[in-house]
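Novice: Need a 3D model of the sequence below.
(one chain, ligands or ions: 1)
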Amino acid sequence: MKVAILGFGTVGSGTAEMLTKNRALLKAHAGEEVEIKYIVDIRSFPDSPFADRIINDFSVVEKDDEISLVIEVIGGAKIAYDFTKRALLAGKSVVTSNKELVATHGVELLSIAKEKGCYYLFEAAVGGGIPVLSPIANDLSHNEILEVSGILNGTTNYILTRMFSSGASFEAALAEAQAKGYAEADPTADVEGHDAARKIAILGALASGKLVSADAIHTEGIRAIRAEDVKAAEKIGCSIKLLGRYLRTESGDMFLLVAPFLLPADSPLSGISDVYNGVLVRGNFVGDVMFYGRGAGSEPTASAVVADVDKIARKAAYRPAFTAAEDVPTEFSYFRARRYVVVEGADAAAIEIIFGETEPLASEENAFLTAEMSEKGFSERAKRLEACGGKIVSHIRLYR
Ligand code: HSE
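Specialist: All right, here's what the predicted structure looks like:
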């Protein structure tokens, strides 16, 4: 099988290296040699061992009938969208790590692939090297999926881990993540939770059959987390993790959200540190299943890309099946959680009147845990607090 790689960046070069280094292993498993015929990039790489295969013009790939599979690792939803669509329309299967493209145009691209009798697979788009989409779509598909909760972003998990291990502020931990090359120069998509929102949109699509636009998902990042919140979490035996969550309640409500959560030490996601990712999947018969591993980086992501290549080569590929849903089926205002809250400008009596019974915390003045309440209930209380001159300094939901 002859393939083309689109994009020779971090993931593209890792994929080329893996296809070369593990060539014999892949051939033995897939029953067919996987050969890189082209690598398409706007840049030239004269010193690369793949220099003889690097071209600038995608239409060469598009017109070459020998190419049955295209690996799109350009990223973004512009050129990558155009090339993916053209490759699929030409009857070539496409494998990608591009979460933005899958979250934005996944439904359309899957439908073209089906119509043309080829495949569109994207294991590498979520959780880097961790096989999680294929297990949900295949091995767990006979379960009702009640929950998918994941630490889906390595950069923010590294920042939060450093805030806990060294007491660093968010800014200091972010600077450290940038110095180590984990965080992008512009870390907005990571720290504001947008990257995790795209990933939970994809996980939720596989779990529910509906792809919700990432823009419609309630998304909070980690910028507002203070060193004081980290100390308070430690005092009550919790860690703080940015989670992407898909939840289906017994009454049929369905929530999708991205937000920091306080996780008790006995939660399986609590101990996942540094740049690692972890995904908990709860099925109605299987119970909890955990996936853990390296969620980013050249080699782990290449491993997931090649896993999809292998499936297609050995004719064992599956078709992820979901349709489009503009909105999250249940309004977020009904989502219920207990919360850690810190207020200022209000005394204990006012807090009791507004929040009812609370569990005071010793970490800071006016820090407490609330009873379980809806988002709507919490916003109403925050407004009442403001009306009497107080304000919420910090608040984080408790995971359950
Ligand atoms: N910026 C992402 C992360 C890369 O930190 O997890 C992998 O999607």
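Novice: Around the ligand, which positions in this protein sit nearby?
Specialist: Taking CB under 6 Å from any ligand atom as the contact definition, the chain meets the ligand at Gly128, Asn153, Gly154, Thr155, Asp190, Asp195, Gly295, Ala296. For glycine as for every other residue, the C-beta is placed from the backbone atoms N, C-alpha and C.
Novice: what's the most distant pair in the residues you listed?
Specialist: Using CB to CB, the two most remote members of these are Gly128 and Asp190, lying 13.5 Å apart.
Novice: where in the stretch 201-350 of the chain is pLDDT low?
Specialist: Across the stretch 201-350 of the chain, not a single residue meets the criterion (pLDDT under 70).
Novice: quick one, helices of this structure?
Specialist: With DSSP state H as the definition, the chain shows helices at residue ranges 10-21, 23-30, 58-63, 79-89, 99-116, 133-134, 154-166, 170-179, 188-191, 194-208, 227-235, 298-313, 348-355, 375-387.
Novice: which one of the ones you listed is the most hemmed in?
Specialist: When the helices of the chain are scored by mean count of other CB atoms under 10 Å, the highest mean neighbour count falls to helix 194-208 (a mean of 27).
Novice: and that one, what does it pack onto?
Specialist: Using 3 or more CB pairs under 8 Å, 6 or more residues apart in numbering; DSSP states H and E as the contact test, the elements touching helix 194-208 are helix 99-116, helix 133-134, strand 145-151, strand 210-212, strand 218-219, strand 238-248, strand 254-264.
Novice: helices or strands up against the third one?
Specialist: Taking 3+ CB pairs under 8 Å, 6+ apart as the contact definition, the neighbouring helices and strands of strand 145-151 are helix 194-208, strand 238-248, strand 276-283.
Novice: residues in contact with the residue in the stretch 1-150 of the chain positioned nearest to the ligand?
Specialist: Ranking the residues of the stretch 1-150 of the chain by distance to the ligand (CB to the nearest ligand atom) places Gly128 first, at 5.9 Å. Taking CB atoms under 8 Å, 6 or more residues apart in numbering as the definition of contact, the neighbours of Gly128 are Gly154, Asn277, Gly293, Arg294, Gly295, Ala296, Gly297, Pro300, Thr301, Ala304.
Novice: Number of residues surrounding the fifth one?
Specialist: What it means is Gly295. The criterion is other CB atoms under 10 Å. On that basis, Gly295 has 27 neighbouring residues.
Novice: Ile130 is in contact with that one, correct?
Specialist: Yes: because the distance of 6.7 Å satisfies CB atoms under 8 Å, Gly295 is recorded as touching Ile130.
Novice: okay, and the common contacts of the two?
Specialist: Common neighbours of Gly295 and Ile130 (CB under 8 Å, 6+ apart) are Asn277.
Novice: and Tyr340, which of the helices of the chain is closest to it?
Specialist: helix 227-235 (6.5 Å).
Novice: I'd like to know which elements the closest one is packed against.
Specialist: With contacts defined as 3+ CB pairs under 8 Å, 6+ apart, the secondary structure elements packing on helix 227-235 are helix 154-166, strand 238-248, strand 339-344, strand 391-398.
Novice: nearest to Ile112, of these?
Specialist: Distances from Ile112 to each of the helices and strands packed on helix 227-235 were compared by CB to CB, and the smallest falls on strand 238-248, at 25.7 Å.
Novice: That closest one: how far from the chain's middle?
Specialist: Computed by CA atoms, centre = their mean, to the nearest Å, the chain-centroid distance of strand 238-248 equals 11 Å.
Novice: so what secondary structure elements neighbour that strand?
Specialist: With 3+ CB pairs under 8 Å, 6+ apart as the test, strand 238-248 has strand 145-151, helix 154-166, helix 194-208, helix 227-235, strand 254-264 packed against it.
Novice: got the angle for the third one vs strand 238-248?
Specialist: Translated: helix 194-208. Compare the direction of helix 194-208 with that of strand 238-248 by axes from the mean of the first three to the mean of the last three CA atoms, to 10 degrees and you get 40 degrees.
Novice: Please apply the same query to the first one.
Specialist: Strand 145-151 and strand 238-248 meet at an angle of 150 degrees, taking the same axes, to 10 degrees as the criterion.
Novice: tell me the contacts of Arg381?
Specialist: By CB under 8 Å, 6+ apart, the contact set of Arg381 is Ile354, Phe355, Met373.
Novice: The residue of the stretch 251-400 of the chain found nearest the ligand: what's it in contact with?
Specialist: With distances taken as CB to the nearest ligand atom, the stretch 251-400 of the chain approaches the ligand most closely at Ala296, which sits 3.6 Å away. With contacts defined as CB under 8 Å, 6+ apart, Ala296 is in contact with Gly128, Gly154, Thr155, Tyr182, Val275, Asn277.
Novice: returning to that earlier point: in JSON lines, list the helices and strands packed on strand 145-151 along with distance to Phe45.
Specialist: Putting those into JSON lines (distance: least, CB to CB, whole Å) gives the following:
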{"stretch": "helix 194-208", "distance to Phe45": "27"}
{"stretch": "strand 238-248", "distance to Phe45": "35"}
{"stretch": "strand 276-283", "distance to Phe45": "30"}
